[in-house]
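**Student:** Attaching a predicted model along with its sequence, questions to come.
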Amino acid sequence: MSEEKSSGKMTRRKFIGSVTLTTAAFSIVPRHVLGGQGYVPPSDKLNIAVIGVGGKGRSDMWSVAATENIVALCDVDDRKVEETLKKTKEEEDKQDLAAVLEKIPKYKDFRVMLDKQKDIDAVTVSTPDHTHAIAAAYAMRKGKHVFCQKPLTHSVKEARILRNLAKETGVITQMGNQGHAQEGIRLISEWLADDAIGEVTKVDCWTNRPVWDTGMERPEETPSVPRGVDWNLWLGPAEFRPYHPAYMPWAWRAWCDFGTGALGDMGAHIFDIPYGTLELEYPTTIEASSTKFNGESWPVSEVIHYEFPQRGNLPPVKLGWYDGGVMPPRPEELEPGRKMGDGDGGVLFYGTKGKIMCGCYGSSPRLIPETRMKEYKQPPKTIPRSPGIHEEWVEAIKTNTQASSNFEYASKLVETMMLGNIAIRMVEKHDKLEWDGEKGEITNIPDANEFLIRKYADGWTL
């Protein structure tokens, strides 16, 4: 191997091992060693408040409640609070937690909760996409550690604001893209560093999403708001529109004002795999095509192409995103009858010496064809393994380190994803977006810059 390629390998290994995928040491360190004003010693349990308690919010709460104290619940929908209490009581191993949940304070507005309740150390944010940044930023400014569900933000500029706030406040952050903490992405990183498929110049990503109705016009009916729902708080920074069950509690991902579509839903899992392992940062161009887009709800299917520049000794990369039933070309190395990826999606790395394929979340990575995988002598495991996306965040707080999908990393991943959604909005321009990542500007279509962040409704600021 040439000296240049060897240098490239070591750069990749060093970067992934020390920045992108490194987890905390997960050791108990005495307070007198770490210290710091407001620092929570590892021997103490964290007091965690839950913002958004239904669905994913419930599973996020259950995960952190395994070792920490839950001290407050916040949701705009009383029905979700009741449902979570009921489901917790039904779990045999969560009876103690159920008793706690019945007694702790319940809020509808996270701002009221964070202003009033002083014993909160950290929060989980599991609301619809359009309120992620608002809730996370408010908590960070209060000095609270934040675990925020993917895709972290609704827009590019929100991602940059959260990244800067995390630096300014020094709180410990984590995005809830659980695949980032799993084995597959680490194996792929080690194989790439081992030169298993040579230099990667192209990657394809795909998902089976959307699995919800999309591509619709705004409903004309104006049904009554269900009892126990604060519709104005649910809308938050979004422009007012009448309540409709097409928006909540399930299908908000389809609507541009609330969700970020299939790319926002699954990109933080699938896109994360090449983004982290290949040291990607700012793309230079983004180009999209899709089924009909009406500006109200995201298209039924999309194809988005990104171009990333050379990074040190790593070559430029072209990255493709496919959703809504559209798939990238099937590689000729893949055996007849063998499925691409898994049921949720997958990733295909194209190297100068071969290909790696995995499923969603980086599951079951393999060199293809299978004969290559069987011949390949896997390198030693050099990247620290994670105990899990939630456990990692908790331990990072207690050891005063940063988690692996912290907002420094996650914000850049999500910023890149959200540029894809802007490209969808610009499809009729029939042109690539040219992106200056350092300046944070789309340079060739000035009109597109208005979509870098939405105008917030009165009473809401970031």
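**Tutor:** Received, thanks. Because the structure is a prediction, the values reported are computed rather than measured.
**Student:** helices or strands up against the helix ranked longest in the chain?
**Tutor:** Using DSSP state H to define each element, the chain has its longest helix at helix 407-425. Helix 407-425 sits against helix 156-169, strand 173-176, helix 261-270, helix 272-277, strand 285-290, strand 302-308, strand 433-436, with contacts defined as 3 or more Cβ pairs under 8 Å, 6 or more residues apart in numbering; DSSP states H and E. The C-beta positions use only the backbone N, C-alpha and C, and glycine is treated the same way.
**Student:** Turn these into CSV, including mean neighbour count and mean pLDDT.
**Tutor:** Below are the helices and strands packed on helix 407-425 laid out as CSV (neighbours: other Cβ atoms under 10 Å; pLDDT from 0 to 100):
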stretch, mean neighbour count, mean pLDDT
helix 156-169, 20, 98
strand 173-176, 29, 98
helix 261-270, 27, 97
helix 272-277, 27, 98
strand 285-290, 20, 97
strand 302-308, 22, 98
strand 433-436, 20, 98
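**Student:** Save the ones you listed as a markdown table, and put in distance to Val200 too.
**Tutor:** Below are those laid out as a markdown table (distance: least, Cβ to Cβ, whole Å):
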| stretch | distance to Val200 |
| --- | --- |
| helix 156-169 | 25 |
| strand 173-176 | 24 |
| helix 261-270 | 16 |
| helix 272-277 | 8 |
| strand 285-290 | 18 |
| strand 302-308 | 11 |
| strand 433-436 | 21 |
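**Student:** closest to Tyr376 out of those?
**Tutor:** Smallest distance to Tyr376 across the helices and strands packed on helix 407-425 (Cβ to Cβ): 16.7 Å, for helix 272-277.
**Student:** now the longest helix of the chain: mean pLDDT?
**Tutor:** Across helix 407-425, pLDDT averages out at 98.
**Student:** Spit out the contact partners of the residue positioned nearest the centre of the chain.
**Tutor:** Note on the chain: the residue nearest the mean C-alpha position is Lys150, at 3.1 Å, using Cα atoms, centre = their mean. Neighbouring residues of Lys150 by Cβ atoms under 8 Å, 6 or more residues apart in numbering: 175-177, 264-265, 268-269, 410, 414.
**Student:** Now with 6 Å, please.
**Tutor:** For Lys150, the contact set (Cβ atoms under 6 Å, 6 or more residues apart in numbering) comprises 175-177, 268.
**Student:** What is the end-to-end distance of stretch 362-373?
**Tutor:** In stretch 362-373, first residue to last residue: 16 Å (Cα to Cα, to the nearest Å).
**Student:** Can you mark which positions in that stretch are buried?
**Tutor:** 362-363, 365-369, 372-373 (16 or more other Cβ atoms under 10 Å).
**Student:** In the residues you listed, find the pair that's most separated.
**Tutor:** In the buried residues of stretch 362-373, two members sit farther apart than any others by Cβ to Cβ. They are Gly362 and Pro369, at 19.7 Å.
**Student:** Skip the chain neighbours and tell me the closest residue to the residue nearest to the centre of the chain.
**Tutor:** Spatially, and ignoring its direct neighbours in sequence, Lys150 is nearest to Ala268 (3.5 Å; Cβ to Cβ, 6 or more residues apart in numbering).
**Student:** Run a quick check on the one you found versus Gln149, I expect a contact.
**Tutor:** No: using Cβ atoms under 6 Å, Ala268 makes no contact with Gln149, being 8.9 Å away.
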